[in-house]
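# what's the 3D shape of this:
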Amino acid sequence: MSRAVSMRDLDPAFQGAGQNAGLEIWRIEKSHPVSLPASSHGKFFTGDSYIILKTFASKSGILRHEIHYWLGKDTSKDEAGAAAIKTIELDAALGGRAVQYREAQGNETDKLISLFKPCILPQEGEGASGFKHVEESEYTTRLFACRGKYAVPFARSTLNHDNIFILDTKSKIFQFNGSNTSIQERAKALGVAQYIRDKYHGGKCEIASIEDGSLMADAASGEFWALFGGFAPLPRKSARDVDTVSDSHSTKKLLSVEKGKAEPVEADSLTRELLATDKCYILDSGLEVYVWMGRNTSLDERKSASTAAEELIQGSDRSKSHLIRVMEGFETVTFWSKFECNANATGDGRGNVAARLQRQGLNVEGILKVTPHKEDPHAHIDCTGVLQVWRVNGQDKVLLSDENHAKFYSGDCFIFHYSYSEEEHEEHLIGTWFGKKSVEKERASAASLARKIVESMKFMAAQACFHEGSEPVLFFYIFQSVIVFKGGLSDGYKSYIAEKGTPDDTYTEEGLALFRVQGTGPENMQSIQVEAVASSLNSSYCYILHSGSTVYTWAGSLTSPDDQELVERQLDLIKPELQTRPQKEGSEVDQFWELLGGKAEHPKKKISSVPEGDPHLFSCTFSKGDLKVTEIYNFTQDDLMAEDIFILDCHSSIFVWVGQEVDTKNKLQASTIGEVRPIGCIEGGFQGYYALIGQLGSHVPLHLSNQKSSKRKMVNPHAPGGCSALTFPSVVAQKFLEHDFLLEKPSRETPMYIVMEGSEPPFFTRFFTWNSAKSNMHGNSFQRKLAIIKHGGIPVTDKPKRRIPFGGRSSGTPEKPKRSRSVSSGSERVRVRGRSPAFNALASAFEKPKDRNLSTPPPTVRKLYPKSGTHEPVTKIADIAESLMPRTVKGMHFFSSFSGFDKVDVTFALKISTYIVFHDEASPAASKVTADTNSKKNSMSSRPESLSVSMSSRPESLSVRDDRKEGEKEDEVDEEGVPTHPYERLKTTSEDPVAEIDVTKREAYLSSKEFQEKLGMKRAEFYKLPKWKQNKLKMAVQLF
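Numbers count the residues shown, from 1 in each chain. Predicted coordinates for the structure are as follows:
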């Protein structure tokens, strides 16, 4: 139990602090903290000291805290000391869970800068009451030097080639780009220039970019150099700051603090066992100095240790060192990286706070401050898209029929291409799925074949790599009803088991098989074949057991009616025509146990999946074969640089984002996600040393060839052949996972995605406040930023968002899609790939029923509009054409490319378009029309004979055929022309179901009154909802 801290020992200014997510700042005035209003946040004075508290809510609902105390270069020693001591009191008021950072002006941490993007520009003087900061009677020209990601004040001095300088004058802001600076540095510095303009010039000052070496070539350059008294040659020698302090891995000293004195701890190596919970320690690792405070230490002991650490930094030339204070149980990742065997450290992993406190015997009541936010995967992807699936067989891929799309085998590899609509354009996801028993060669073949598809689409498709047992929920929503069989069908798998002499356990319909059924509903359900033994059962699941014609279903004691309903749905896919024998846990018949080889103990706890955690963004750079990774704190979309590759780690999945300006070689390497190659086969410099640059610039060595140093073996124990599933695609993401940078012990089979800039899918952009216009701009990061500034902060693109039509000329191009995810009439159907919304909408009205893509398995469908006297389809075509088609018939021959069109169809379309153009009020012929313009639509529907096409000549083009038999009585028809049926006959559990209806749109056959009663809204409101919300409502009333 930690030593209690009385609130009487804490400053009253901290009462109620950290109760809500956000930023709180105190300024030290006369050795006491004074809270600042939000309007003063970000305003720092060189003569003051500040305490900054950042509170944020994690996905688990826990409020987390970070404290920074900032010391201005002119602050007094008393105020600096008070800031350090008061920070410890603030941490105690928060329960001792915050990480504390010392921030010296000009040497701030990236974490602090991220709170005040793009930079901190302190003002001279003091801001405290009773003091007067420097008042400027006229605008003073200032020069700033930008180093890395932020700017620091810089006196007027000689420029150099290795930095970016910002010259702030009254009438203009100049940005001087040293010749040795990168595009990324220039873009970030431009953000600083924009910040200065907006803050100090009211957003009305011109910004000019000056290139190193441009001399007096333009007016802006001449004006810039004139302010320095004319052009002068710059020094050739690099002027970049070189830290003289030893690197964080070169020296590590552990000191124990007792009674204010720090004494070295003698040990051969640093281990966790050296830290006692009733003491405080100082860990000196050069650029980073840590104060570790045991949970059972007093407030005075913590203050004493902090003072000793301050003296250690100030007593020598340690101006570049950062001081970080951590409490036992809440250490940072970089702190534990200094110790041996840090893989066993808990670190500051996401969602583990309450569990750690409970293990320490502490009261966790009150820690959960907010309700965890749960997101519905439906909102991140349209689940009604078009799906193609291939099974890999050797070096080839075999296209699967619709009914086999979701049938996987553990010994095989599969490739899928999913295309779906998103904001009136097409998105594409190319993925690979590796079975647990699949062979290495076919994994490599699957990745290579998938890469060819991506290359044929000019790298604009998102890519994914999934492993059996680690699939994300997104995968299941795409496939909806997944079945995973044991064994395999590929030649590679068959050859492997033949070589090993292993029995072939591939599933057969006549054999003995046991399936675990799981999922959340009809749109997300799976049947996983497991060993047919009693120990495979689990009380939290339902199972299907069959042997020949004998079929049993087994419901665990902890299952719900919804779980049992999933079994019935899965039976329709596995054993659709056989009578089943339901069994409940505890009342099974003997024959059931005989098929399983007798009774046995089985688990009761549900199999847990990896939860999604708080996202972390890392930038990746390549240099001479080395990969360097740097975390971006409090990230936004603007942090994604077009020249770089980024990793977004959300714990349950890994995203690799590739900028448009990334070197072609690196882009190709990054795009080969999932391609497998043994470690020893990695070519060139990539076989050597990799460095991860972590928080505050710490370096961690990684060796591809040294498997002994890995925390997890490189070899997949389930993969026949014993080789690792690695290639460079994955050297970026896989090495990131292997190193376990966040100390969260991720699986090597964590789902991974590759996302190309300009083609970001919604399940990636949801982690940002996203502006798609920014990702569609052209040029490098600096050019884009400059263009935004010149256009008043509005991203400018000179061509629409690049989308790849479905299909292409490459041999790796997917075949024509075979099915859609739903059956619907009208414009709701899946759009034809590569055509405008106008053409697609009109085509949906023309297209014949037999040409439409059907779902799997195809339901019995009766069209929604029976043949009657109404000409509603004609009206519909006219409305679509009038609202969407161009005001000219030019290009109408394009309709001839639609499936199912002939010359009469095209003629009919031309005459509709001609009629619309003739009656358009913008047309010269409009003056000849006496009817009121607003009645055009009515005249279209009431006078179809005005069209020069006989209605009887092509009835199948204008209305949907009636499927009623001759002499059959016509059903009641509602106001929309759709036959209606009673709800009791339409619901999925009806004992007297209606035959020959579109089973995917049961609600359409309800009367208006019953529609309102059952779904709680009118039809128009219902069909405005997203598809997934519609399905959810229909499921609740048994209409789906």
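
# Now Phe56. Its backbone dihedrals?
Backbone geometry at Phe56, expressed as degrees, to the nearest 10, gives phi -140, psi 150.

# Please name the residues that touch it.
Under the criterion of C-beta atoms under 8 Å, 6 or more residues apart in numbering, the contact list for Phe56 reads Ala21, Leu63, Arg64. Using the backbone N, CA and C atoms, a C-beta is placed for each residue, glycine as well.

# Among those residues, which ones are in strands?
For the contacts of Phe56, membership in strands holds for Leu63, Arg64, with DSSP state E as the criterion.

# buried subset of the contacts of Phe56?
Judged by neighbour count, with 16 or more other C-beta atoms under 10 Å as the criterion, the buried members of the contacts of Phe56 are Leu63, Arg64.

# could you dump the contacts of Phe56 to a markdown table with pLDDT?
What follows is the contacts of Phe56, written out as a markdown table (pLDDT from 0 to 100):
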| residue | pLDDT |
| --- | --- |
| Ala21 | 91 |
| Leu63 | 89 |
| Arg64 | 90 |
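
# Let me know the closest of the contacts of Phe56 to Phe335.
Of all the contacts of Phe56, the one with the least separation from Phe335 (C-beta to C-beta) is Arg64, at 16.0 Å.

# Please tell me how far the closest one sits from Gln15.
Using C-beta to C-beta, to the nearest Å, Arg64 is found at 20 Å from Gln15.

# again, but for Gly501
The span separating Gly501 from Gln15 equals 73 Å under the rule C-beta to C-beta.

# Looking at those two, which one has more neighbours?
Using other C-beta atoms under 10 Å as the criterion, Gly501 and Gln15 rank with Gln15 on top: 10 against 6.

# so the more buried one touches Ala93, yeah?
Yes. Using C-beta atoms under 8 Å, Gln15 is in contact with Ala93, at 7.4 Å.

# Buried residues of stretch 68-80, list them for me.
Burial within stretch 68-80, assessed by neighbour count using 16+ other C-beta under 10 Å, is assigned to His68, Tyr69, Trp70, Leu71, Gly72, Thr75, Ser76, Glu79, Ala80.

# Closest one to Glu631 out of the residues you listed, please.
His68 (16.5 Å).

# and the closest one, that one's in a helix?
No. With DSSP: H, G, I helix; E, B strand; the rest coil as the criterion, His68 is strand rather than part of a helix.

# from what I can see it touches Ile52, true?
Yes. His68 is in contact with Ile52 according to C-beta under 8 Å; the separation is 4.4 Å.

# shared neighbours of the two, anything?
Contacts common to His68 and Ile52, judged by C-beta under 8 Å, 6+ apart, are Leu112, Leu115.

# low pLDDT regions in the stretch 551-700 of the chain?
Scanning the stretch 551-700 of the chain with the threshold set as pLDDT under 70 gives 622-627, 664-700.

# 50 - rerun?
By pLDDT under 50, the weakly predicted segments of the stretch 551-700 of the chain are 671-700.

# Could you work out the end-to-end span of stretch 192-207 for me?
For stretch 192-207, the first and last residues are 11 Å from each other (C-alpha to C-alpha, to the nearest Å).

# quick one, what contacts the closest residue to Val567 other than its chain neighbours?
Of all residues not flanking Val567 in the chain, Cys542 sits nearest, at 4.5 Å (C-beta to C-beta, 6 or more residues apart in numbering). The contact partners of Cys542, taken as C-beta under 8 Å, 6+ apart, are Arg516, Val517, Thr553, Trp554, Ala555, Gly556, Thr559, Asp563, Gln564, Leu566, Val567.

# and Cys542, what pLDDT?
According to the predicted model, the pLDDT of Cys542 comes to 97.

# Would you quantify the distance from it to Gly81?
The spacing between Cys542 and Gly81, counted by C-beta to C-beta, is 66 Å.

# again, but for Ala787
Distance from Ala787 to Gly81, counting by C-beta to C-beta: 48 Å.

# Gly286 too?
In this structure, Gly286 and Gly81 are 24 Å apart, going by C-beta to C-beta.

# What of Arg102?
12 Å.
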